[in-house]
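Colleague: Okay, predicted coordinates and the sequence, questions at the end:
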Amino acid sequence: MAAKLASTTQDDPADEAWVRTADGERSVRLRSLSHYIKKGGALTEARLIEGADGLWTIWFRLSDRPGEFRLNQFDYDQPKTYKDVALAIATIRDDFGFYGTLSLSTERRPAARGA
């Protein structure tokens, strides 16, 4: 699935890491989100999703952009994942300054019992 830039700016290379994939999913690199917050932007909602592999990803909504975004790694267009949910929560609170309600969901399911 190819990713393309959702917004590019000649003046500000940090804004170039906002991406939209072919299936419509949108994400932003960690460095671009940090830059966005330093410029006065803010998160309005945040949620954590535990994947079937037990890793957590952060999804959020922003004060001045429509839709939901997944947090990607600092320099790569791959999801930033956390093994420890407490660390993911600390990142949202301490690094992004979001102290609102956090929702948690999981894609993990218990193994089928018996045969």
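Modeller: Here it is on my side, so go on.

Colleague: Now do the phi/psi pair for the closest residue to residue 96 other than its chain neighbours.
Modeller: The spatially closest residue to residue 96, leaving aside those adjacent along the chain, is residue 43, at 5.5 Å (Cβ to Cβ, 6 or more residues apart in numbering). The C-beta positions use only the backbone N, C-alpha and C, and glycine is treated the same way. With angles defined as degrees, to the nearest 10, residue 43 sits at phi -80, psi 140.

Colleague: Residue 59 now?
Modeller: For residue 59, the backbone dihedrals (degrees, to the nearest 10) come out as phi -120, psi 150.

Colleague: Check the one 3 residues further on too.
Modeller: Note on residue 62: its backbone torsions stand at phi -110, psi 160 [degrees, to the nearest 10].

Colleague: that older thread, wait, doesn't the residue nearest to residue 96 sit right on residue 63?
Modeller: Yes - between residue 43 and residue 63 there is a contact at 7.5 Å, judged by Cβ atoms under 8 Å.

Colleague: Compare the two (neighbour count), which wins?
Modeller: residue 43 (20 against 11; other Cβ atoms under 10 Å).

Colleague: Which strand residues bridge that one?
Modeller: Beta-bridge pairing of residue 43, defined through DSSP bridges, involves residue 62.

Colleague: Can you tell me how far it is from residue 37?
Modeller: 8 Å (Cβ to Cβ, to the nearest Å).

Colleague: where do the contact lists of the two overlap?
Modeller: Each of 96-97 lies in contact with both residue 43 and residue 37 under the rule Cβ atoms under 8 Å, 6 or more residues apart in numbering.

Colleague: Thanks a lot, see you next time.
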